[in-house]
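Novice: from the sequence below, what's the structure:
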Amino acid sequence: MPSGTQTLAAVSVRRWGNALGFVACAGMLAFGHYLQYFKGIEPCPLCIIQRLLLASTGIAFLVAAIHHPASRWGAHVYGGVIALSSLTGAGVAIRHVWIQHTPEALRPACGPGLDFLLDTFGPLESLKRVLHGSGECGLVQWTFLGLSIPEWTLIAFVVFAVYAVYLSFRD
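Specialist: Residues are numbered from 1 along each chain as shown. So this is what the prediction gives:
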């Protein structure tokens, strides 16, 4: 097979792979909204931040699928951006999982909602306060196969990061 055809095939695989990543992120966000609006599980501030990072990961996958750079360098840039967004989400999810596994007596007290924090303190100070966590972030309201929502989200973020890097090196 000529190398030009191989390159075209790799671009096509990367394009469909990035589209699949976008669909997976969109599916997770849709499931989160299902749990919120149909099952009555209200997201805590850390959940909302994870949703935003999941949306940014999905958007990066979508842009990579639409643009589908033919060069390896371009694919690496998209892979890096997606991995960075995913690993940031994984960091927030790790913090959330840690809070959930902290004994209830040692958890921080429940704090104000995210809207109040943003209105009162602005985005940077609010982010700092949210990442310190609150008691509401420690509640496990839903599990599947023994894992909570933040634990599943952590797994997904790590898988997305590895998958994006894999796609960027895909030949």
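Novice: longest helix in this protein, please.
Specialist: When the chain is scanned for its longest helix (criterion: DSSP state H), the result is helix 3-37.
Novice: what bits of this structure have low per-residue confidence?
Specialist: 1-11, 104-118, 121, 126-138, 143, 171 (pLDDT under 70).
Novice: where do the helices sit along it?
Specialist: Using DSSP H, helices in the chain cover 3-37, 45-67, 72-101, 114-131, 149-169.
Novice: measure the residue nearest the centre of the chain to V97 for me?
Specialist: The chain has L54 as the residue nearest its centroid, 3.0 Å off, counting by CA atoms, centre = their mean. Separation of L54 from V97 (CB to CB, to the nearest Å): 15 Å. All C-beta spots, glycine's among them, are computed from the backbone N, C-alpha and C.
Novice: next: S56.
Specialist: S56 is 20 Å from V97, by CB to CB.
Novice: what do you get for S148?
Specialist: Counting by CB to CB, the gap from S148 to V97 is 7 Å.
Novice: equivalent analysis for I48, please.
Specialist: 16 Å.
Novice: looking at the two, which is more packed in?
Specialist: Legend: neighbour count by other CB atoms under 10 Å for I48 and V97, higher for V97 (18 against 15).
Novice: the more buried one: what's it in contact with?
Specialist: Listed by CB atoms under 8 Å, 6 or more residues apart in numbering, the contact set of V97 reads S148, P150, E151, L154.
Novice: need these in TSV (columns: distance to L35 and neighbour count).
Specialist: TSV is the format used below for the contacts of V97 (distance: CB to CB, whole Å; neighbours: other CB atoms under 10 Å):
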residue	distance to L35	neighbour count
S148	12	18
P150	13	23
E151	14	20
L154	17	22
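Novice: adding distance to V162, write those residues out as a markdown table.
Specialist: Below are these laid out as a markdown table (distance: CB to CB, whole Å):
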| residue | distance to V162 |
| --- | --- |
| S148 | 22 |
| P150 | 19 |
| E151 | 17 |
| L154 | 13 |
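Novice: and those residues, which is closest to H67?
Specialist: Nearest to H67 out of the contacts of V97 is L154 (CB to CB; 28.4 Å).
Novice: wouldn't the closest one be in contact with G91 here?
Specialist: No - if you go by CB atoms under 8 Å, L154 and G91 don't touch, sitting 9.3 Å apart.
Novice: quick one: R170 from E151, how far?
Specialist: 29 Å.
Novice: could you do L54 as well?
Specialist: Taking CB to CB, one finds L54 at 14 Å from E151.
Novice: hmm, back to that, how far away from the center of its chain is the longest helix of the chain?
Specialist: With CA atoms, centre = their mean, to the nearest Å as the basis, helix 3-37 stands 14 Å off its chain's centre.
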